[in-house]
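Undergrad: 3D, please:
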Amino acid sequence: MQDGLKVCLVASAGGHLSQLLKIAGAWSGHAVCWITTTDVVRASLGDEGNVHVVGECNRQHPLRVLAVFMRCMRILRKERPDVVISTGAAPGCMAVVLGHLGGAKVIWLDSITNVNRLSLSGRLVRPFADLFLVQWPQLARRYRGVEYVGAVI
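TA: As a prediction, this is how the structure comes out:
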């Protein structure tokens, strides 16, 4: 049963997606849409809501970054989520900032691979996150506004 809340889930293929799927219970019962980076992920998600593929990008390829940013903007304008949840990376960062600017609540789960400091994407989105979660307790102690509630993997 859905309660009218729309959740946009954003993760790059690979570990970011695996970590996001580990917390699938968090959006159970809500309408969902996905933003991801490859058609392989789209196929693996099946009927898990609308799945949008924006492509891969990183800071070494600024034109790709711009293209992915524009795709994310169109998707979020169309989907109008109430909540954006992401584990990263670059497309997640973009979707979180755009979602926040569009009035959505934002939840960021930084990758478990970041033991000593927040990810670059995490550092960029931290001011926009309503809830910022890390998977190592020492990171929660090191950064203000960051919470540790356990690891997902």
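
Undergrad: Could I get the full set of strands for the chain?
TA: For the chain, strands defined by DSSP state E occupy the ranges 6-11, 31-36, 50-53, 83-88, 105-109, 131-134, 147-148.

Undergrad: The longest helix out of those in the chain packs against which elements?
TA: For the chain, the helix reaching the highest residue count under DSSP state H is reported as helix 62-79. Counting contacts by 3 or more Cβ pairs under 8 Å, 6 or more residues apart in numbering; DSSP states H and E, helix 62-79 packs against strand 6-11, strand 31-36, strand 50-53, helix 90-101. In short, each C-beta sits where N, CA and C put it, glycine included.

Undergrad: Comparing these, which stretch has the densest surroundings?
TA: Among those, ranked by average contacts under mean count of other Cβ atoms under 10 Å, first place goes to strand 6-11 (a mean of 27).

Undergrad: list the helices and strands that one packs on?
TA: Using 3+ Cβ pairs under 8 Å, 6+ apart, the elements in contact with strand 6-11 are helix 15-21, strand 31-36, helix 62-79, strand 83-88, helix 90-101.

Undergrad: how about the CA coordinates for the longest helix of the chain, as CSV?
TA: Taking only C-alpha atoms (Å, rounded to 0.1, in the frame of the first residue of the first chain), the coordinates of helix 62-79 have been written out as CSV:
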residue,chain,number,x,y,z
PRO,A,62,32.9,18.2,-17.9
LEU,A,63,30.7,17.9,-21.0
ARG,A,64,29.4,14.5,-19.8
VAL,A,65,28.8,16.1,-16.3
LEU,A,66,26.7,18.8,-18.0
ALA,A,67,24.7,16.2,-20.0
VAL,A,68,24.0,14.1,-16.9
PHE,A,69,23.1,17.2,-14.9
MET,A,70,20.6,18.2,-17.5
ARG,A,71,19.1,14.7,-17.6
CYS,A,72,18.8,14.7,-13.8
MET,A,73,17.1,18.0,-13.9
ARG,A,74,14.5,16.9,-16.5
ILE,A,75,13.8,13.7,-14.5
LEU,A,76,13.4,15.4,-11.2
ARG,A,77,11.1,18.0,-12.8
LYS,A,78,9.0,15.2,-14.2
GLU,A,79,8.9,12.9,-11.2
